[in-house]
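>>> Requesting a structural model of the entry that follows:
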Amino acid sequence: MMRFETKDKRELNIEETSLGLKLREDSFNPTHIFECGQCFNFKLEEDGSYTAVFLGKIINLLECDGYTLIRNVSLDEFYEIFYDYFDLGTDYGYIRDFLSKDDTLRDACDYGYGIRILNQELFETTISFIISANNQIPRIKKAVRIISERYGDYLGDYMGSSYYSFPRPEVLAQVDPLELREHARVGFRDVRIVETAKAFVDGFLNFEDEKNLTDLDLHKRLNELPGIGPKVADCIMLFAYHRRETFPVDVWIKRVMETLYIGKEVPKKQVDNYAREIFGDLAGYAQQYLFYYGRENAIGK
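Take a look at the predicted model:
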């Protein structure tokens, strides 16, 4: 297994100012982070900034000339919660340099240079990607927002909008599936969401318990939940379990791989096998660069 380069918190170039926290990091761009399909609980503001909710905190990030301005959280909160959330202990410059040895991937890495794979909360990630199956990102975001507003806890207002936490499993497990279908417009996923919430309440999944499972065993376990197939399981593994060698294959990434690497249309499983063969332990990072590059440039469409 490849050894990943890491950074100590003391190496982070961040300072407190009257406007907020100023983060200077070459491999960090809010647009790249939030628009690469890995999360759905955020809002693009009129000033071009992004407001997101994580672990009961509302954070806002604005890309400026030479730095990212981070607002609505203290320096202590940033180190305690968002340092790990934004995976700031990982050296993405090293990862991009390594992946850029592949000429094709170099363009994708350059295009999405500021991507960081978020370390997301397990339950919210699981429900969000159940909703994502055969769905479009605007509809996924809307469903996540409505579910949070109806069943989560009120966190406060920011820039004219009210924000809520994602509901706890105990709360979502008690919701009538028809109510979910009517208000959140989740369609056939309504029962699957409630049944998965019940499984969490019963202890079917627990991050600490699954840490030592092999990728194959974890994938099998995730597929036992209602509404979770291979692609959704891969997304949960990559974004919640930090299994960075995982390569989720959706419609976009399939088109991109077929266009840029394979040269013909093949089954999804073959795309996954090919990606793991050429990208190895860095497959998850490659997937995010390729997904963002491919979707934003309509590659293979």
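
>>> can you give me the helices for the stretch 151-300 of the chain?
169-172, 177-184, 190-201, 207-210, 215-222, 230-239, 251-257, 268-279, 283-296 (DSSP state H, counting those that start in this stretch).

>>> can I get those helices in CSV with mean pLDDT and distance to Arg139?
Just so you know, the C-beta spots here come from the backbone N, C-alpha and C atoms, and that holds for glycine as well. Listed next are the helices of the stretch 151-300 of the chain as CSV, based on pLDDT from 0 to 100; distance: least, C-beta to C-beta, whole Å:
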stretch, mean pLDDT, distance to Arg139
helix 169-172, 98, 19
helix 177-184, 95, 10
helix 190-201, 96, 14
helix 207-210, 86, 28
helix 215-222, 96, 23
helix 230-239, 96, 16
helix 251-257, 93, 15
helix 268-279, 91, 22
helix 283-296, 96, 16
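
>>> Next, format these as TSV and append mean neighbour count.
Output for the helices of the stretch 151-300 of the chain, formatted as TSV (neighbours: other C-beta atoms under 10 Å):
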stretch	mean neighbour count
helix 169-172	18
helix 177-184	16
helix 190-201	19
helix 207-210	11
helix 215-222	15
helix 230-239	23
helix 251-257	21
helix 268-279	16
helix 283-296	24
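
>>> Out of the ones you listed, which is closest to Glu245?
Minimum separation from Glu245 across the helices of the stretch 151-300 of the chain (C-beta to C-beta) falls at helix 283-296, 5.2 Å.

>>> just checking, what packs against the closest one?
Applying 3 or more C-beta pairs under 8 Å, 6 or more residues apart in numbering; DSSP states H and E, one finds that helix 283-296 contacts helix 92-99, helix 103-111, helix 251-257, helix 268-279.

>>> Save the ones you listed as CSV, and put in distance to Arg71 too.
Listed next are the helices and strands packed on helix 283-296 as CSV, based on distance: least, C-beta to C-beta, whole Å:
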stretch, distance to Arg71
helix 92-99, 23
helix 103-111, 27
helix 251-257, 31
helix 268-279, 35
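
>>> Tell me which of those helices lies nearest to Asp176.
Minimum separation from Asp176 across the helices and strands packed on helix 283-296 (C-beta to C-beta) falls at helix 251-257, 31.7 Å.

>>> what comes into contact with the closest one?
Residues outside helix 251-257 that contact it (C-beta atoms under 8 Å, 6 or more residues apart in numbering): 37, 247, 249, 268, 271, 274-275, 287, 290-291, 293-295, 299-301.

>>> Spell out for me which residue occupies the centre of the protein.
Closest to where the C-alpha atoms of the chain average out (C-alpha atoms, centre = their mean) is Gln38, at 2.8 Å.

>>> Report the separation between that one and Asn119.
Gln38 sits 11 Å away from Asn119, taking C-beta to C-beta, to the nearest Å as the criterion.

>>> Met257 now?
Using C-beta to C-beta, Met257 is found at 25 Å from Asn119.
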